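Peer 1: show me how the following folds:
(one chain, ligands or ions: 2)
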Amino acid sequence: MSEVHIINHPLIQHKLSIMRDKNTGSKDFRKLLMEISLLMGYEVTRDLPLEDKEIETPICRMTAKEISGRKLAIVPILRAGLGMVDGLLSLVPVAKVGHIGLYRNEETHKPVVYYCKLPEDIQKRLVIITDPMLATGGSSCDAITMLKERGCDNIRLMCLVAAPEGLAKVQETHPDVDIYVAAVDEHLNENAYIVPGLGDAGDRIFGTK
Ligand code: PRP
Ligand code: URA
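Peer 2: Ligands and ions are numbered 1, 2, ... in the order given. Coordinates of the predicted model:
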């Protein structure tokens, strides 16, 4: 069974509360999401393996550390996942970025794929999928499946707010994928929106409603 990491650092909780407030506008919402992503990125990358590297400081030679092994890819689920990319890129500027386009059908709440563009060597990379909202879990599950179909076997899912239903679905469908979230909310409403949640993340990021 995969692990669910709830990253409840006070700074993250404070910023998330401002994001949840319906009076917070797109400019602040985007900035806060970027800041939280950076803070969460610290935890998502906490166990990256290190290796020794010989370097020379202005004083002497030394054995220093550098990140070893697989390189990183960040894969946002469009649109809302885009809001979490810059925070991660500011931590790992050399990461490649792929994109998976999915939207939820408003009646069935099932995800529909409309775009997929990934780095050529994606299967060799540690992939961090980003999407602020894990509601029914359909979008995240489909994105993970698409990556696995392309050979990825080291995938992490980073979300801001999750519903218990979505967490359970991802854990059941993809028990090898660890999930990182800032908050687990109460439940889904009749429109499959997270309660209390923060509304439609894509619309709030891009000001489309
Ligand atoms: C939202 C959100 C997730 C999905 C979560 O995207 O960003 O991708 O819904 O719901 P699920 O867990 O039930 O699949 P949406 O379909 O609204 O698209 P958008 O980001 O383009 O607005
Ligand atoms: N997508 C969102 O943007 N918000 C929700 O609460 C559920 C799905």
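Peer 1: got the contact list for the residue of the chain found nearest ligand 1?
Peer 2: Nearest residue of the chain to ligand 1, counting by C-beta to the nearest ligand atom: residue 202, 2.4 Å away. The way it works is simple: take the backbone N, C-alpha and C, and place the C-beta from them, glycine included. By C-beta atoms under 8 Å, 6 or more residues apart in numbering, the contact set of residue 202 is 79-80, 208.
Peer 1: for the closest residue to residue 72 other than its chain neighbours, grab the count of nearby residues.
Peer 2: Once flanking residues are discounted, residue 72 sits nearest to residue 95: 4.1 Å by C-beta to C-beta, 6 or more residues apart in numbering. A count of nearby residues for residue 95, using other C-beta atoms under 10 Å, gives 20.
Peer 1: how far away is the nearest residue to residue 1 once chain neighbours are set aside from residue 141?
Peer 2: For residue 1, ignoring the flanking residues on the chain, the nearest one in space by C-beta to C-beta, 6+ apart is residue 175 at 5.3 Å. Taken as C-beta to C-beta, to the nearest Å, the spacing of residue 175 relative to residue 141 amounts to 12 Å.
Peer 1: who has more neighbours out of those two?
Peer 2: Taking neighbours as other C-beta under 10 Å, residue 175 and residue 141 compare with residue 141 leading, 20 against 10.
Peer 1: can you pick the most crowded of the contacts of residue 202?
Peer 2: Tallying neighbours with other C-beta under 10 Å puts residue 80 at the head of the contacts of residue 202, with 23 neighbours.
Peer 1: my guess is that one meets residue 139, correct?
Peer 2: No. Using C-beta atoms under 8 Å, residue 80 makes no contact with residue 139, being 9.5 Å away.
Peer 1: now do the shared contacts for the two.
Peer 2: Common neighbours of residue 80 and residue 139 (C-beta under 8 Å, 6+ apart) are residue 131.
Peer 1: pull out the buried positions in the longest helix along the chain.
Peer 2: For the chain, the longest helix by residue count, based on DSSP state H, is helix 26-44. Across helix 26-44, burial judged by 16 or more other C-beta atoms under 10 Å covers 29-30, 32-41, 43-44.
Peer 1: so it, near ligand 2 or not?
Peer 2: No. Interface with ligand 2: helix 26-44 contributes nothing (C-beta under 6 Å from any ligand atom), its closest point being 11.8 Å away.
Peer 1: which secondary structure elements does that helix contact?
Peer 2: helix 10-20, helix 85-91, strand 155-158, strand 178-181, helix 201-206 (3 or more C-beta pairs under 8 Å, 6 or more residues apart in numbering; DSSP states H and E).
Peer 1: let's have the ones you listed in JSON lines, adding mean pLDDT and distance to residue 131.
Peer 2: Shown next, in JSON lines, are the helices and strands packed on helix 26-44 (pLDDT from 0 to 100; distance: least, C-beta to C-beta, whole Å):
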{"stretch": "helix 10-20", "mean pLDDT": "98", "distance to residue 131": "15"}
{"stretch": "helix 85-91", "mean pLDDT": "96", "distance to residue 131": "11"}
{"stretch": "strand 155-158", "mean pLDDT": "98", "distance to residue 131": "8"}
{"stretch": "strand 178-181", "mean pLDDT": "98", "distance to residue 131": "11"}
{"stretch": "helix 201-206", "mean pLDDT": "98", "distance to residue 131": "8"}
